[in-house]
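Q: pasted the sequence and its predicted model underneath.
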Amino acid sequence: MVDKARLKNIWEDILTLFLEKALSLRFDICTCELCQKKMIELLLRQFSPFYIEENSFNYEEIKKRLIKENSKKLFIEIEKVIEEVSKNPPHPAWEDREKEFDMLLKKIKEDRGIDFSRYHRSILKRRIALRLLVHRLNSYTEYLKILAQDPSEYNELFDVLTINVSEFFRDTEVWESLKKILERIIERNNSENTPIVMWSAGCAKGEEPYSLSILMQEIDRIKTSFTIYATDIDEKVLEEARLAGYNSDVLKNVDEEILKKYFKFFQGRFYLKEEIKKHVEFKYLDLASSETIRNVDLIICRNVFIYFTKPLQEQILNKFYYSLKDGGYLVMGKTEVLLKEAKVIFREVDAENRIYQKMG
């Protein structure tokens, strides 16, 4: 006979586990015991009770099965409940976390001159939360004190706020299409006897602009000079990019012949030769506020727009429009979509690879 006192609704364990994970990076809302209790209470209403003895031999097996069968519902319901309770906590609001977050963004702007206020807040919060976890902090106010006491923390913060992971010739099909675009640019500028100017916006550690320089050398029809401006808001990665030394994991798309031709291996790393480096000029530039670069033939700005709000995307697209020469090209990330408002100033050249051309 089953002892009812020993029976437990297995969903209590599952929901508690998943809720704790979901809340671990949420410093923008209250996660006190009362709020978590209310969240669990609401969540249990969404899942039919499944009672079983906690010490049963198949307890873990059943738990895994229920998780697998309800994985999608779990994430959806948890997100809904978190938002509901955060807006209507079961206690008086003791802290304005949004105000705290605004103060943090203001501090960053004052200290380093970078305005993140028009970036997507949810993405910023998730990334800043990683630094709060490292320091075992519970609020943005506490983190403000860390920044004030230790300015070197900004280097770690910018590491998580900016995406610095890339590789040479990332998305090879994009580079195949881009080669045809570059051939057109070279032909036009050769005939006009004008230098070719390109801009890699959000260049990270330099894999993209150096890929561009290699591709230009490989086309080998250039009768004029070419320069690639490579910009980023992270001074630390710009310093690394200038060194032009890379591990093999970012070179997986580079043919063996190209590797031998343009790189030299030294102390476990591959270093680019001067004939590639000399065409790339690295500089600090904040797309949200800095001056632009003029008379550009090609702009590559991939996987950067996802961090910007729509108004900021519009502003930057206008900036790119005025940066480009008539008939100049813009390359965006494959997961990014050109705003419909921008389709009156840019025409689609390659929809799949997100390549656009400035219209006069």
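A: Great, that's in hand.

Q: show me where the stretch 251-360 of the chain has its helices.
A: Assigned by DSSP state H, counting those that start in this stretch, the stretch 251-360 of the chain shows helices spanning 256-262, 274-277, 310-323.

Q: elements contacting the first one?
A: Put plainly, it is helix 256-262. helix 207-219 (3 or more CB pairs under 8 Å, 6 or more residues apart in numbering; DSSP states H and E). Where C-beta positions appear, they are placed from N, C-alpha and C, glycine not excepted.

Q: could you point out which element follows the helix it packs on?
A: Reading on from helix 207-219 to the C-terminus, the next helix or strand found by DSSP states H and E is strand 226-232.

Q: ok, residues contacting the next helix or strand after that following strand?
A: Downstream of strand 226-232, the next assigned helix or strand under DSSP H and E is helix 235-243. Contact with helix 235-243 is made by 155, 158-159, 162, 164, 203-206, 209, 230, 232, 271, 282-284, as judged by CB atoms under 8 Å, 6 or more residues apart in numbering.

Q: and what of stretch 245-264?
A: Around stretch 245-264, the neighbours that count as contacts under CB under 8 Å, 6+ apart are 166-170, 172, 205, 207, 214, 217-218, 266, 268-273, 275-276.

Q: now with 7 Å, please.
A: The list of residues contacting stretch 245-264 from outside it, by CB atoms under 7 Å, 6 or more residues apart in numbering, reads 166-170, 172, 207, 214, 269-273, 276.

Q: what's the answer for stretch 116-134, then?
A: 25, 27-28, 101, 105, 108, 143, 156-157, 160-161, 288, 307-309, 311-312.

Q: over to stretch 18-37?
A: Contact with stretch 18-37 is made by 39-40, 43, 74, 78, 82, 85-86, 89-91, 97, 101, 125-126, 129, 132, 139-140, as judged by CB under 7 Å, 6+ apart.

Q: equivalent analysis for stretch 318-329, please.
A: In contact with stretch 318-329 (CB under 7 Å, 6+ apart) are residues 181, 199, 292-299, 330, 345, 349, 355-358, 360.

Q: export it as CSV, just CAs?
A: Once non-C-alpha atoms are left out, stretch 318-329 reads as follows in CSV (Å, rounded to 0.1, in the frame of the first residue of the first chain):
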residue,chain,number,x,y,z
ASN,A,318,21.6,56.5,-43.0
LYS,A,319,25.2,57.0,-41.9
PHE,A,320,26.2,54.1,-44.2
TYR,A,321,24.2,55.6,-47.0
TYR,A,322,26.1,58.8,-46.8
SER,A,323,29.4,57.0,-46.3
LEU,A,324,29.1,55.0,-49.5
LYS,A,325,29.9,56.3,-53.0
ASP,A,326,27.1,56.1,-55.5
GLY,A,327,26.6,52.5,-56.4
GLY,A,328,28.6,51.4,-53.3
TYR,A,329,27.8,48.1,-51.5
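
Q: how far out from the middle of the chain is it?
A: 24 Å (CA atoms, centre = their mean, to the nearest Å).

Q: now do stretch 245-262
A: 24 Å.

Q: please report phi then psi for the residue nearest to Thr309 when sequence neighbours are not counted.
A: Nearest residue to Thr309, sequence neighbours excluded (CB to CB, 6 or more residues apart in numbering): Arg118, at 5.0 Å. With angles defined as degrees, to the nearest 10, Arg118 sits at phi -110, psi 10.

Q: again with Arg294
A: Dihedral angles (degrees, to the nearest 10) for Arg294: phi -100, psi 160.

Q: when you give positions from now on, start the count at 51
A: OK, 51 is where the count begins now, so the last one is Arg344.

Q: domain-wise, how is the chain divided?
A: Taking automatic domain parsing as the domain assignment, the ranges for the chain are 54-137, 147-211, 222-408.

Q: tell me where the stretch 101-250 of the chain has strands.
A: For the stretch 101-250 of the chain, the strands defined by DSSP state E, counting those that start in this stretch cover 101-103, 246-251.

Q: where is the longest helix in the protein?
A: helix 222-242 (DSSP state H).

Q: show me the shaky parts of the stretch 101-250 of the chain.
A: 142-145, 163, 213-215 (pLDDT under 70).

Q: grab the nearest non-local neighbour of Val247.
A: Val346 (5.0 Å).

Q: and Glu217, how many neighbours?
A: Per other CB atoms under 10 Å, the neighbour tally for Glu217 reads 18.

Q: now do it against Arg319, distance only.
A: Glu217 sits 15 Å away from Arg319, going by CB to CB, to the nearest Å.

Q: again with Ala392
A: Counting by CB to CB, the gap from Ala392 to Arg319 is 40 Å.

Q: who has more neighbours out of these two?
A: A side-by-side neighbour count of Ala392 and Arg319, using other CB under 10 Å, places Ala392 first with 18 against 14.

Q: contacts only, for that one.
A: Leu367.

Q: show me which strand runs longest in the protein.
A: Secondary structure assigned by DSSP state E gives strand 374-382 as the longest strand of the chain.
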